[in-house]
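>>> Sequence and computational prediction follow.
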Amino acid sequence: MNSPVSPCDGGPAPLMPAEEFAAGRLPGLLKEAGTAAWGIADCSHGVDDADTAAYTRWIESGCHAGMDYMARNRDVRTTPALLLPGARSMICCAFAYEPPRPGAVIAAYALGTDYHEVIRSRLGAVARAMEEATGCATRVCVDTAPLRERYWASKCGVGFRGLNGHLIVPGKGSYMLLGEILATAPLPSTPALDRDCGLCRRCVAACPAGALRPDGTVDARRCLSYLTIEHRGALPEGTDLHGRLYGCDACAMACPHNACSTAPETLPELRPRAAVAALTAREAAVMTQEQFSAIFTHSAIKRAKLAGLQRNACALMATQLGHLKKNE
């Protein structure tokens, strides 16, 4: 990378110390990028042994269901320097999306433009500014990289991990999407929060499929978000989608942190698209590939593909029909 040229002497401008950049320019850049909360973690030592062991137990118990990618690259998941050689710092960021609407059949986070594209673009601008100012190397990660996002976001005080697996940002809730900037620069870290869910078990009680355990274990084999998005092939016999077509917001809607929080501003790109928000199961069931591609261009819902969405729609309508017959 070429150093910026000074307009005064034509030579390279001096690089800014990483700590000076973190204290001076970084907060403004992250605010401009639209973050609802952020923190900095020292990632040079990797994930701690206790959390690594807990993750291993989760995988070995089969709670990751058919998400085989969760069991791969476990060395990378514990060591961010394998994603970016020389990584010493991780800037963890939370971006808000609009809360779910009552009766919605699609999870709220998926109603707008694909958050992977949105967050990567916004954090990419911050990363480039950091590279130019400090001379460090960076890498932007959003969900798809083998990175323990919620672990690191908890480590640096962005929020704390709820019993439903969501990151809860105190005062702002859990309707958040995460993104990170790995950097070789030694940025000053921010402290973790001493918070947890205490005795609250509202999300556990609210989960319609019983996927949440009181100890904070999430069993993806029962989770409606997993079944409607990640699961491939026919749904397990007897599956009740409880009115969901894509994803599920039940546990988040039950969380008191979302009921009592002041919702931060949603990025314009993440606001619901009318055509997606209005979609019904009946419309999805008869949708053509051309219609699917048009409605869900640059949408996270493409993850399920047309076949998955129609499978969900048919299962949902069959359950609804069964309920009607019982009530006749």
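That came through fine.

>>> So which residues of the stretch 101-250 of the chain form helices?
Applying DSSP state H, counting those that start in this stretch to the stretch 101-250 of the chain gives helices spanning 115-134, 149-155, 202-206, 224-225, 250-254.

>>> which residues touch the fourth one?
Just to be clear, that refers to helix 224-225. Taking contacts as Cβ atoms under 8 Å, 6 or more residues apart in numbering, the residues outside helix 224-225 that touch it are 107, 208, 209, 211, 241, 242, 244, 247, 248, 250. C-beta: built from backbone N, CA, C; applies to glycine.

>>> The longest one too?
Outside helix 115-134, the residues that touch it by Cβ under 8 Å, 6+ apart are 1, 4, 15-18, 21, 25-26, 29-30, 33-34, 91, 93, 95, 97, 109, 112, 136-140, 142-144, 177-181, 183, 185, 267, 269-270, 298, 300.

>>> Buried residues, that helix. List them.
When neighbours are counted by 16 or more other Cβ atoms under 10 Å, the buried residues of helix 115-134 are found to be 115-116, 118-120, 122-124, 126-127, 129-134.

>>> Residue 290: which of the residues you listed is nearest?
Ranking these by separation from residue 290, with Cβ to Cβ as the measure, puts residue 116 on top at 23.4 Å.

>>> And the pLDDT at that closest one?
Residue 116 is assigned 97 on the pLDDT scale.

>>> if we can go back for a sec, looking at the helices of the stretch 101-250 of the chain, which is closest to residue 48?
Distances from residue 48 to each of the helices of the stretch 101-250 of the chain were compared using Cβ to Cβ; the shortest belongs to helix 149-155, at 8.7 Å.

>>> which stretches of this protein form strands?
Remark: strands of the chain, listed N- to C-terminal, are 37-42, 89-96, 138-141, 160-161, 167-168, 176-183; assignment by DSSP state E.

>>> coming back round to it: turn the contacts of helix 224-225 into JSON lines, columns for distance to residue 101, pLDDT and neighbour count.
As requested, those are exported to JSON lines (distance: Cβ to Cβ, whole Å; pLDDT from 0 to 100; neighbours: other Cβ atoms under 10 Å):
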{"residue": "107", "distance to residue 101": "11", "pLDDT": "98", "neighbour count": "23"}
{"residue": "208", "distance to residue 101": "17", "pLDDT": "97", "neighbour count": "15"}
{"residue": "209", "distance to residue 101": "21", "pLDDT": "97", "neighbour count": "20"}
{"residue": "211", "distance to residue 101": "22", "pLDDT": "98", "neighbour count": "25"}
{"residue": "241", "distance to residue 101": "18", "pLDDT": "97", "neighbour count": "24"}
{"residue": "242", "distance to residue 101": "16", "pLDDT": "96", "neighbour count": "13"}
{"residue": "244", "distance to residue 101": "13", "pLDDT": "97", "neighbour count": "25"}
{"residue": "247", "distance to residue 101": "13", "pLDDT": "98", "neighbour count": "26"}
{"residue": "248", "distance to residue 101": "14", "pLDDT": "98", "neighbour count": "27"}
{"residue": "250", "distance to residue 101": "14", "pLDDT": "98", "neighbour count": "21"}
